[in-house]
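*Asks:* this is a predicted model, with the sequence first.
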Amino acid sequence: MSASRVVRYALVPVQLLLLILFNVLLTLVSFMPHWMEEDLRKAILPFLPVGSKSDVTFYGVVDHRYFWPRMMTMFEITLREIMMTAEEGCKAPNTRLLRLSDGSECRILDLAKPARPLFMSGLEKFRQLTECFSEVADFVTIYINEAHPTDGWAIKGTVEIAKHKSLDERVSAAKKMLELQSVGSAVLIDPLSDESRKAYNATLERLYIIMDGVIVYKGAQGPYGYKMSEVEAWLKKYKGE
């Protein structure tokens, strides 16, 4: 067991306690008078990640009706961070996936080419990168489980998709995502076993770069750790700009 994994195990009790306190705080916010809630929203707005700066997202996140779904999502993310097998500098887990285009089975590393980085992304925000660096890197989007399903930690105003109960439902959801916004890369589907999501702890979203079968960049947990600027800096350095 690596030293970093031992440290992560040791910090679990502290992380879980902080998660409980944070979730309770979010719930208390939803019971504030509207004018106080609005002042708080304006105060934290500059610190929200790109794509989460809307009233809909803010009020959806603090909604007290989703206390337990929100708590369970946070718990799972924390525990998966310990159990995940994807580590920077180590061999990339070669998880099983399905191609959205034809439903055929493949592995993540099937898309990687020798001496050429493979950039693994969440669902959006990287079309410009694909245009700027397509000559030196390959890009792929992996569609995993729904982050905010209607029958889970739902957020009003987002695309209404329930938890995937079958592979067909997940494929349909991925196609719906593409109808709303083209991602500019190959799209792969994580099977219902969630093999890739678990190995790479990609809930809610995450960025990776794989080079010759080794993880050379491992982004932090999204949405706050979803930093395209870091990926762009890595690609520019690799390209020699």
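*Replies:* Cool, the structure landed.
*Asks:* and Tyr226, what helix or strand is that in?
*Replies:* Taking DSSP states H and E as the criterion, no element holds Tyr226; it sits outside all helices and strands.
*Asks:* so what's it closest to, chain neighbours aside?
*Replies:* Glu205 (5.3 Å; C-beta to C-beta, 6 or more residues apart in numbering). For every residue, glycine as well, the C-beta is placed using N, CA and C.
*Asks:* any idea how far Lys239 is from that neighbour?
*Replies:* Glu205 is 24 Å from Lys239, where distance means C-beta to C-beta, to the nearest Å.
*Asks:* more neighbours: the two, which one.
*Replies:* Glu205 (20 against 13; other C-beta atoms under 10 Å).
*Asks:* can you read off the pLDDT for Phe47?
*Replies:* The predicted local distance difference test score for Phe47 is 56.
*Asks:* err, Leu79, not the other one
*Replies:* Looking at Leu79, its pLDDT is 82.
*Asks:* does it belong to a helix, a strand or coil?
*Replies:* When states are read from DSSP: H, G, I helix; E, B strand; the rest coil, the local structure at Leu79 comes out as helix.
*Asks:* what about Ala173, how many neighbours?
*Replies:* The burial count assigned to Ala173 is 18, neighbours taken as other C-beta under 10 Å.
*Asks:* burial count for the nearest residue to it once chain neighbours are set aside?
*Replies:* Here the nearest residue to Ala173 in space, its sequence neighbours aside, is Ile161; by C-beta to C-beta, 6+ apart that works out to 5.0 Å. Neighbour count of Ile161, defined by other C-beta under 10 Å: 20.
*Asks:* mean confidence for stretch 184-204?
*Replies:* Per-residue confidence for stretch 184-204 averages out to 88 on the pLDDT scale.
*Asks:* can you list the buried residues in stretch 100-115?
*Replies:* Within stretch 100-115, the residues that qualify as buried are 100, 108, 111-112, counting by 16 or more other C-beta atoms under 10 Å.
*Asks:* what residue lies at the spatial centre of this structure?
*Replies:* Ranked by distance to the mean C-alpha position of the chain (C-alpha atoms, centre = their mean), the top residue is Glu205 at 0.7 Å.
*Asks:* could you look up the SS state of it?
*Replies:* When the structure is reduced to helix, strand and coil (three-state DSSP), Glu205 reads as coil.
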